[in-house]
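> give the three-dimensional model of this entry:
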Amino acid sequence: MDQAKASAFGVALSDIHDMLQTGWGSAYLNDFLDKGRIKKVYLQARPEARMLPEDFDKWHIRNNSGEMVPFGALIARRWIYGSPRIEHYNGLPSLDMVGEAAPGVSTGLAMAAAEEIMDGMPAGLGYAWTGISLQEKQAGAQAVMLYGISLLVVFLCLAALYESWSIPFAVLLVVPVGIVGVQLGALLFKQANDVYFQVGFLTVIGLSAKNAILIVEFAKALHEEGASLVDAAVRACRLRLRPILMTSFAFVLGVLPLARSSGAGSGGQNAIGIGVIGGMLSVTVLGAFFIPLFFVLVSRLFGTKAKGGHA
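Model (predicted):
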C-alpha cells in the first residue's frame, strides 16, 4: 500500500482498510423485514471482482473530496512465498480432507470407498476419521453389540416365561428367517443399511419371536398333555395359523404407509417400512414350516418329554 499516493489522492488509510474488509470479507449494514422474518443485510464485493490481484483495478474508493479514486493506483501488487502451514493430528503431520457422498450414495459406502483408497497408499501413510464421520464409525461399530443384546434380552424373557432354557432356542431360531426377508426387501428396493433400516431390523427380531411364540407355546402345552412332539407341533401350527396371519398382515398393513411415503423425510420412513414388510412376509410364509421343525429339533436335542412319556 503506497501511503504517499494515498495522501496525495486524499484517501485515508482507515478508508482503505475498511474497503478491504468489506470487499473481501463482508460488512453488516442493517436488517429488513421480509414476509414476517427479519433478515440481515451484508455488503461484499462480487466474486468475480475479488478473485485475482488484477481485480483491484475494478475497485474505486472515495477520497475526502467526494471523488472516486481507482484503488489500483494506491497499491503495488506482487506474489511472495509465505511460511507454510503445517497441520498436525495426534502429534503427527497431517492433511485435512473434507468431502461428501455423491447423490444416491450412503455415507457408509462413501467412507468405505475412501478407506479402500487410503489402504492402497504407500507404507508410512495412515488415516483417521474426525467429526461426524468418526461418530458414524463409532456408532456403526455398536450395531453388532446392539443386535446381540436384543437377542439376549428376548432369550432371557422367554426363559423366564417358559421356565426352560431349551424352548427359547426354538423361538430364536426363526429370527434368521425374518432377517432373510429384511435383506431381500432392502436388496429389491435398493435401501441403504442406515440407522432407519437398523430400526426395522430390530423390529423384525421381536416380530419373528412373536410368531414363534404363538406356535411354540401351544405346542408345548399339547406336548405336556401327552401328545408326541411331531403331533403337537403340527396341531399347534394348524390351530395358530389364523392368529399368526391376522397379526402379521395387520402389522404389514400398518407399516405400508411408511413404505409408500414420499416427500420430506420419506427416505427414513421407506427404510423402516420396506424392511419390516420384507421380514414379516418372510417369517409368516416360511415360519409356518420352520417353527414346528425348530420346536421338534430343539425338544429332542434337550430331551424334553411329555407327561405320558412320549418324546
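
> would you check how far apart Asp31 and Lys40 are?
6 Å (Cβ to Cβ, to the nearest Å). Any C-beta I mention is one placed from the backbone N, CA and C, and that applies to glycine too.

> Phe71 too?
When Phe71 is compared with Lys40 (using Cβ to Cβ), they lie 26 Å apart.

> which one of the two is surrounded by more residues?
More neighbours surround Phe71 than the other of Phe71 and Lys40, with 19 against 9 (other Cβ atoms under 10 Å).

> list the contacts of the more buried one.
In this structure, Phe71 makes contact with Met19, Phe56, Asp57, Trp59, His60, Ile61, judged by Cβ atoms under 8 Å, 6 or more residues apart in numbering.

> ok, now Phe189?
Per Cβ under 8 Å, 6+ apart, neighbours of Phe189: Asn270, Ile274.

> chain neighbours aside, what residue packs nearest to Ala114?
In space, and not counting its chain neighbours, Ala114 is closest to Gly99: 7.4 Å by Cβ to Cβ, 6 or more residues apart in numbering.

> you'd agree the one you found is in a strand?
No: with DSSP: H, G, I helix; E, B strand; the rest coil as the criterion, Gly99 is located in coil rather than a strand.

> from here on, call the first residue 38.
Yep, numbering from 38; the last one is Gly136 now.

> that one against Ala147, yeah?
Yes: the criterion here is Cβ atoms under 8 Å, and Gly136 meets it with Ala147 at 7.4 Å.

> who's more crowded, these two?
A count of neighbours by other Cβ under 10 Å puts Ala147 above the other of Gly136 and Ala147, at 15 against 9.

> any idea how far the residue nearest to the more buried one when sequence neighbours are not counted is from Leu188?
Closest residue in space to Ala147, ignoring its immediate chain neighbours: Ala138 at 3.8 Å, by Cβ to Cβ, 6+ apart. Distance of Ala138 to Leu188, given as Cβ to Cβ: 31 Å.

> and the helices in the stretch 138-287 of the chain?
Under the criterion DSSP state H, counting those that start in this stretch, the stretch 138-287 of the chain contains helices at 144-156, 168-177, 180-199, 204-209, 212-225, 232-261, 266-297.

> does Ala43 touch Leu111 like I think?
Yes: using Cβ under 8 Å, Ala43 is in contact with Leu111, at 5.0 Å.

> can you pull the residues that touch both of the two?
Taking Cβ under 8 Å, 6+ apart as the criterion, Ala43 and Leu111 both touch Ile53.
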